[in-house]
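Undergrad: here is a sequence with its predicted model. Questions after.
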Amino acid sequence: MSLRDELRFTPGETVLAEVDARARPLAPGGKAATTKSFADQGDELAELQERLYAEGTQPGARRRVLVVLQSMDTSGKSGTIKHVAGEVDPQGLAITAFKAPTPEERRHNFLWRVRRRVPGPGRIGLFDRSHYEDVLIARVHGLAAPDVLERRYEEINRFEARLTGEDVTVVKLMLHISFEEQRARLLARLDDPAKHWKFNPGDLDERRSWDAYMEAYQVALDRCSTDVAPWYVVPADRKWYRNWAVAVILLETLRELDPQYPRPDLDVEALKARLLAAEDPVRS
């Protein structure tokens, strides 16, 4: 059974509040075994990513992968990107961390800034937060009317369907952390002066809306987990499992795409002969 099948969110069936954030479905073992498995997968992941990148250099190439990471604060979006990106060639990655919209971005439709960051052919795009902020925060804090939110869910589905029609494989990952684990990670940041720069006092205010966020996520995933762009819920209380699971989902995706190196029309033997026949430059 693939990990994607195991972690796939099923609208109308999966209840986010009932998903165990400390679970480790299909893990090859405990922390040590799973961490080793993550390291062992690095070579295959790197090769598949290189093949995708090489494929993307050819005229008419279109295929690319977009990984969308959404979660509550401290779930490890940045850490996940760091660990997974460390296994591949950074030239083939396009990483975007979406912050609060700028004045210019607010003058456009909420998807405008997202469209501009879709990766080009051959690349893997990684979104640290995404267009889903506009149906999550907006719902929790009443920043948009219910009818506006309904239209946004529909716009998101059309947008993602259009992407898949343009040979963008969309991989949406909800890193699912528990209320208790978030508290522990926030306390750890306060206990470590080197991590104080990461601490945002506003996160404590957001914790008061935890149940509202869980409801907002439930609705967003119910409405926007589709056949062409499904959501996967990754238990994220155990960092080592989270990193392994994200890497495996990406690996399964790339295996399915099976990108191939280009085969340029080269007379290899003639080129070798030219190299061997060439005289060395005169050295003074």
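TA: In hand now; what should we look at?
Undergrad: use CA for all of it now, contacts and neighbours both
TA: OK.
Undergrad: contacting residues around the helix-or-strand element of the chain with minimal mean pLDDT?
TA: The weakest-scoring helix or strand in the chain, judged by mean pLDDT, DSSP states H and E, is helix 202-207 (a mean of 87). For helix 202-207, the surrounding residues in contact (CA atoms under 8 Å, 6 or more residues apart in numbering) are residue 73.
Undergrad: just how off-centre is stretch 171-182 within its chain?
TA: The chain centroid and the centroid of stretch 171-182 are separated by 13 Å, computed with CA atoms, centre = their mean, to the nearest Å.
Undergrad: circling back to that earlier point, restrict the following helix or strand past the least confident helix or strand of the chain to CA atoms and write it as PDB.
TA: The first helix or strand that comes after helix 202-207 along the chain, using DSSP states H and E, is helix 210-224. These are the backbone C-alpha positions of helix 210-224, laid out as PDB (Å, rounded to 0.1, in the frame of the first residue of the first chain):
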ATOM      1  CA  TRP A 210      -7.600  26.300  17.700                       C
ATOM      2  CA  ASP A 211     -11.000  24.700  17.400                       C
ATOM      3  CA  ALA A 212     -12.100  27.300  14.900                       C
ATOM      4  CA  TYR A 213      -9.000  26.600  12.800                       C
ATOM      5  CA  MET A 214      -9.600  22.800  13.000                       C
ATOM      6  CA  GLU A 215     -13.100  23.500  11.700                       C
ATOM      7  CA  ALA A 216     -11.800  25.800   8.900                       C
ATOM      8  CA  TYR A 217      -9.300  23.100   7.900                       C
ATOM      9  CA  GLN A 218     -12.000  20.400   7.900                       C
ATOM     10  CA  VAL A 219     -14.200  22.500   5.600                       C
ATOM     11  CA  ALA A 220     -11.300  23.500   3.300                       C
ATOM     12  CA  LEU A 221     -10.100  19.900   2.900                       C
ATOM     13  CA  ASP A 222     -13.700  18.600   2.500                       C
ATOM     14  CA  ARG A 223     -14.300  21.100  -0.300                       C
ATOM     15  CA  CYS A 224     -10.900  21.100  -2.000                       C
END
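Undergrad: in helix 210-224, what's buried?
TA: Counting neighbours by 16 or more other CA atoms under 10 Å, one finds that the buried residues in helix 210-224 are 212-224.
Undergrad: and the nearest residue to residue 239 once chain neighbours are set aside, what does it touch?
TA: Once flanking residues are discounted, residue 239 sits nearest to residue 76: 7.7 Å by CA to CA, 6 or more residues apart in numbering. By CA under 8 Å, 6+ apart, the residues touching residue 76 are 175, 236, 239.
Undergrad: just the buried ones from the residues you listed?
TA: Neighbour-count burial (16+ other CA under 10 Å) applied to the contacts of residue 76 gives 175, 236, 239.
Undergrad: could you pull out the helices for the stretch 51-200 of the chain?
TA: 77-85, 103-106, 112-115, 133-140, 146-165, 179-191 (DSSP state H, counting those that start in this stretch).
Undergrad: which elements pack onto the fifth one?
TA: Counting contacts by 3 or more CA pairs under 8 Å, 6 or more residues apart in numbering; DSSP states H and E, helix 146-165 is packed against helix 133-140, strand 168-176, helix 210-224.
Undergrad: so which residues make contact with it?
TA: For helix 146-165, the surrounding residues in contact (CA under 8 Å, 6+ apart) are 131, 134-135, 138-139, 169-170, 220, 223-224, 226, 228-229.
Undergrad: top of the residues you listed by neighbour count?
TA: Tallying neighbours with other CA atoms under 10 Å puts residue 135 at the head of those, with 24 neighbours.
Undergrad: any idea how far residue 5 lies from residue 252?
TA: Counting by CA to CA, to the nearest Å, the gap from residue 5 to residue 252 is 11 Å.
Undergrad: more crowded one of the two?
TA: Neighbours per residue (other CA under 10 Å) separate residue 5 from residue 252, with residue 252 holding more: 16 against 10.
Undergrad: what sits against the more buried one?
TA: 2, 4.
Undergrad: show the model's pLDDT score for it.
TA: On pLDDT, residue 252 comes in at 97.
Undergrad: then the one 4 residues further on?
TA: The confidence metric pLDDT takes the value 97 at residue 256.
Undergrad: wait, a helix at it?
TA: Yes. Counting by DSSP: H, G, I helix; E, B strand; the rest coil, residue 256 falls inside a helix.
Undergrad: burial measure for it, as a count.
TA: Summarising burial for residue 256: neighbours were counted as other CA under 10 Å, giving 9.
Undergrad: how much space separates it from residue 234?
TA: Taking CA to CA as the measure, residue 256 falls 20 Å from residue 234.
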